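Asker: here is the input, now give the coordinates:
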Amino acid sequence: MKDTQKRILFWTLMFIGALLVLSKVGYSDGDDVFFYQYSREMGFFEYLSWRYETWVGRMSGEAMVYLVFRHNLWFWRIVNAMMLVLLPIGILKLSKKAARLPEGGITQWYRKTAVTCSDSFELPLSAMPVAGYFLMTATTFGYAAVWVNGSVFYTWSFTCGIWAMMPLADIVFDTGKFNRWQLCYSIPCAVIASMSIEQMGAVLLTFEALGVLFLLWKNKRVSWEMLLQTVVTFVAFVILFSAPGNDLRVASEIINWMPEYETMSLGEHLFITVQWLISSFANENKLFLCGIWVVGILLLLQQKKKKKSDMLWIAFAGIFTVAACLPFAGITVLSDMGMNIGDIMFTVEQVPVAADLTVKNIIALFWWSGALIFTFFYLWKISGFQVPLLLTYLAGIASEAILYCSPTMYASGARVYYLTDLLYLFLMITLSLELRHKKWRNGYYIGTVCAGIFQFVFQFNTFAIWLR
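Answerer: Now for the predicted structure:
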């Protein structure tokens, strides 16, 4: 069987598998009922105008939700299954474009040699981005990919965001001849991504703007194609934040979800944001950090001339990896940040305060703060100072830190970790492509798939809830 046929067969089987799973999913109580009712009672433009004026500026997301709830549930199942396939395909394509040999000094970071990726179909590599779904916690994947309206806002918009970056990757990394026809899909994808979820819009706009500036600096001229896409993305982002309903929504959410939001001091607000963010990496995002640490160990081990400092990097990465896996054995001493907010489905009447932290909580906070700081410099080391990868790592943190501005930081649930997981999955794949030996790469992919299977089994009861 030819490679093209193998590739088509693999992704077709994934689509069928996703569709079989989604066939067990129906509308949920709450938001799904809300969208179903009003999409059936109002016309398309009437609905969008009403939402923009009274609730939110996410016009692209609202438009897609309207179309979904106006159709039979099978329409959502088929399109969502397609998105669940296009998302890992997009991440894999971006990784192949971005992968560079981790050699050379800081001053030559933009001239690093591209990794030669074979066009032949490789099952372990293709399975790698799919395994990312299973490395997520059940609640993250469930709320962002299986919940009907949640999947539209998150999976669909994030898929569009990933594909909107394809022309940018081609131009910045010179991985192929830029075809202006790509703008026919990248610009609409950019609009959808930037007017659905603020996290994706902010990340996309930042990378586009930095890409335009980089091309101006490198080539001494403006790339009008990318400038056009960046301007369109910016305008869409401005329209999103200009919605009259935004202020009404925030005021309502303060009452419903976090009454203390407006009365907290700057220090108190910063504390709960940092506590929540670090807790997410210790609990929800930890396997993606482990994936980065492990592939870094392999990259350091493959070096022919190892320094004593390299062994120190390996030792720290190994320690952090083992510590991150302790909760699987029931040991939570390094993952409990003392949040204790109860059920996020109800109003958080009393937000956590620093005075309530125990010694164990403080140790956990410092431990994971150290882990995040270490990972930045670790990435710097193992990638040979590849700026795009360092920016991607920081974008994963920033995409969660943006919840500082929202009173639904707790109420939003685990779906807000979805983008961080996808960004770090991109890092894992890109770095793995820099491994010289195919056996090492395949071993890493198989190990990652096994970790995903273990995570799925460990959380099987929670996953099963989404299929009832």
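
Asker: burial of Arg249, as a residue count?
Answerer: Neighbours of Arg249 under the rule other C-beta atoms under 10 Å: 19. Heads up, the C-betas are built off the backbone N, CA and C, glycines and all.

Asker: can you tell me the closest non-neighbouring residue to it?
Answerer: Of all residues not flanking Arg249 in the chain, Trp55 sits nearest, at 5.1 Å (C-beta to C-beta, 6 or more residues apart in numbering).

Asker: what does Leu210 give?
Answerer: Leu391 (7.1 Å).

Asker: quick one: list the elements packing against the helix or strand containing that neighbour.
Answerer: Element membership for Leu391, per DSSP states H and E: helix 387-401. Taking 3 or more C-beta pairs under 8 Å, 6 or more residues apart in numbering; DSSP states H and E as contact, the helices and strands that helix 387-401 lies on are helix 198-219, helix 266-283, helix 359-383, helix 418-432.

Asker: so which of these is the most surrounded?
Answerer: helix 418-432 (a mean of 25; mean count of other C-beta atoms under 10 Å).

Asker: give the buried residues for the host helix or strand of Ile319.
Answerer: In this structure, Ile319 sits in helix 308-324 according to DSSP H and E. Buried residues in helix 308-324, defined by neighbour count with 16 or more other C-beta atoms under 10 Å: Asp310, Trp313, Ile314, Phe316, Ala317, Phe320, Thr321, Ala323, Ala324.

Asker: quick one: the second one and Tyr378 touch, right?
Answerer: Yes: assessed by C-beta atoms under 8 Å, Trp313 is found in contact with Tyr378 at 6.4 Å.

Asker: mutual contacts of those two, please.
Answerer: Common contacts of Trp313 and Tyr378 (C-beta atoms under 8 Å, 6 or more residues apart in numbering): Gly296.

Asker: neighbouring contacts of stretch 409-416?
Answerer: Here stretch 409-416 has contacts from 137, 139-140, 142-144, 147, 150, 154, 199, 253, 256-258, 272-273, 276, 284, 341, 344-345, 348, 399-400, 403, 406, using C-beta under 8 Å, 6+ apart.

Asker: tell me the pLDDT of Cys104.
Answerer: Actually, residue 104 is Gly rather than Cys. Looking at Gly104, its pLDDT reads 66.

Asker: now do the one 4 residues further on
Answerer: According to the per-residue confidence, Gln108 scores 68 in pLDDT.

Asker: quick one: low-confidence parts of the stretch 1-150 of the chain?
Answerer: Across the stretch 1-150 of the chain, the ranges flagged by pLDDT under 70 are 1, 104-110.

Asker: do that again at 90, thanks
Answerer: 1-4, 28-31, 55-56, 100-122 (pLDDT under 90).

Asker: tell me the angle the helix holding Leu391 makes with helix 418-432.
Answerer: 160 degrees (axes from the mean of the first three to the mean of the last three C-alpha atoms, to 10 degrees).

Asker: return the distance of helix 387-401 from the chain's centre.
Answerer: A distance of 10 Å separates the centroid of the chain from that of helix 387-401, by C-alpha atoms, centre = their mean, to the nearest Å.

Asker: roughly how far apart are Gly452 and Cys290?
Answerer: 12 Å (C-beta to C-beta, to the nearest Å).

Asker: just Gly43 next, same as before
Answerer: Taking C-beta to C-beta, one finds Gly43 at 49 Å from Cys290.

Asker: who has more neighbours, those two?
Answerer: Taking neighbours as other C-beta under 10 Å, Gly43 and Cys290 compare with Cys290 leading, 21 against 10.

Asker: tell me the contacts of the more buried one?
Answerer: Per C-beta under 8 Å, 6+ apart, neighbours of Cys290: Thr321, Ala324, Cys325, Ala451.

Asker: quick one: the second one and Ile292 touch, right?
Answerer: No: Ala324 is beyond contact range of Ile292, at 10.9 Å (criterion: C-beta under 8 Å).

Asker: what do these two both touch?
Answerer: Here Ala324 and Ile292 have no joint contacts, going by C-beta under 8 Å, 6+ apart.

Asker: before we move on, the earlier item: what mean pLDDT does the helix holding Leu391 have?
Answerer: Averaging pLDDT along helix 387-401 gives 95.

Asker: by how many degrees do that helix and helix 198-219 diverge?
Answerer: Using the same axes, to 10 degrees: helix 387-401 against helix 198-219 is 160 degrees.

Asker: go through helix 387-401 and flag the buried ones.
Answerer: Here helix 387-401 shows Pro388, Leu389, Leu390, Leu391, Thr392, Tyr393, Ala395, Gly396, Ile397, Ala398, Ser399, Glu400 as buried, counting by 16+ other C-beta under 10 Å.

Asker: now the angle between helix 266-283 and that helix, please.
Answerer: Between helix 387-401 and helix 266-283, the angle comes out at 120 degrees (the same axes, to 10 degrees).
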